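Colleague: fold the following and give me the result.
(one chain, ligands or ions: 2)
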Amino acid sequence: MSELHLTCDCRSVVAAVQNISSRTSNRVVCYCSDCQAFARHLGRVDVMDESGGTFLTQIPPAKLTLVTGQEHVHCVRLSPKGMYRWFTACCHTPLANSIPGFPFVGVFDHVFNDKQALSNTAGPVLGAVHTRRAVGPIPESMKERHELTLIAGTLKKLLRWKLHGLTHPNPFHKKGGQALALPEILSQ
Ligand SMILES: [Zn+2]
Ligand SMILES: [Zn+2]
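Modeller: Ligands and ions are numbered 1, 2, ... in the order given. Just a heads-up that it's a prediction; the model follows:
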């Protein structure tokens, strides 16, 4: 069994990801304006690349466990229909994005303690999405895979994770939909 360790910057929040592989993960850089707005809201533009890209590893919710410091885990939504964006109140570290009932959580690469171990188990970053929102040049290596191909591959994985019953348990959402913390909605 392989386990990856995750911590917020002040190490009050500890989480773990169990037994992922390239089939049970999906690594992308997201340049969408919502991800950029979230980083700005937290005062953490430093977690993005210089073109506004957020490095995320999407995994089935059942693979993620919060180990300690749950009380520091807070949530915002940019709008009433926005994704749940989880961060730590102790040190404003972005943790993950989720949608209740969906078979994935998008974990920020920033919180994985050992990026090499992450690459060894989950494989490389596959490419970039929402590149039209990038605020600077995108590395050539990120452009190799066409965005639509990447999205199609992601959907196929999500369906497989759902069929394999990996939507629950989800550390952020109970089966009935109740969230770990009430999200603050930033714009009505
Ligand atoms: Zn912290
Ligand atoms: Zn995004």
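Colleague: what does this protein put close to ligand 2?
Modeller: Residues of the chain found near ligand 2 (Cβ under 5 Å from the ion) are 30, 32, 35. All C-beta spots, glycine's among them, are computed from the backbone N, C-alpha and C.
Colleague: which parts of the protein are helices?
Modeller: Assigned by DSSP state H, the chain shows helices spanning 33-42, 115-122, 140-143, 147-163.
Colleague: could those go into TSV alongside mean pLDDT?
Modeller: Converted to TSV, the helices of the chain look like this (pLDDT from 0 to 100):
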stretch	mean pLDDT
helix 33-42	98
helix 115-122	97
helix 140-143	81
helix 147-163	95
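Colleague: deepest of those helices, which one?
Modeller: Ranked by average neighbour count under the criterion mean count of other Cβ atoms under 10 Å, the helices of the chain are headed by helix 33-42 at a mean of 19.
Colleague: packing partners for that one?
Modeller: Applying 3 or more Cβ pairs under 8 Å, 6 or more residues apart in numbering; DSSP states H and E, we find helix 33-42 packed against strand 54-59, strand 84-88, strand 93-98.
Colleague: turn the ones you listed into CSV, including mean neighbour count and mean pLDDT.
Modeller: Listed next are those as CSV, based on neighbours: other Cβ atoms under 10 Å; pLDDT from 0 to 100:
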stretch, mean neighbour count, mean pLDDT
strand 54-59, 24, 98
strand 84-88, 24, 98
strand 93-98, 25, 98
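Colleague: where does pLDDT dip in the chain?
Modeller: Counting by pLDDT under 70, the chain shows no low-confidence range.
Colleague: residues in it within reach of ligand 1, list them.
Modeller: Residues of the chain found near ligand 1 (Cβ under 5 Å from the ion) are 8, 10, 12, 88, 90-91.
Colleague: try 8 Å this time
Modeller: Residues of the chain found near ligand 1 (Cβ under 8 Å from the ion) are 7-13, 69, 72, 88-93.
Colleague: so which of those sit within strands?
Modeller: 7, 88, 93 (DSSP state E).
Colleague: which strand residues sit across from the first one in the sheet?
Modeller: So that's Thr7. Beta-bridge partners of Thr7, counted by DSSP bridges, are Val14.
Colleague: show me the contacts for it.
Modeller: Counting by Cβ atoms under 8 Å, 6 or more residues apart in numbering, Thr7 touches 13-15, 111, 113.
Colleague: buried ones only from those residues, please, as a ChimeraX command.
Modeller: Paste this into ChimeraX to select the buried members of those, with burial taken from 16 or more other Cβ atoms under 10 Å:
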select :13,14,15,111
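Colleague: wait, which of the contacts of Thr7 is closest to Glu184?
Modeller: Closest approach to Glu184 among these (Cβ to Cβ): Val13, at 17.8 Å.
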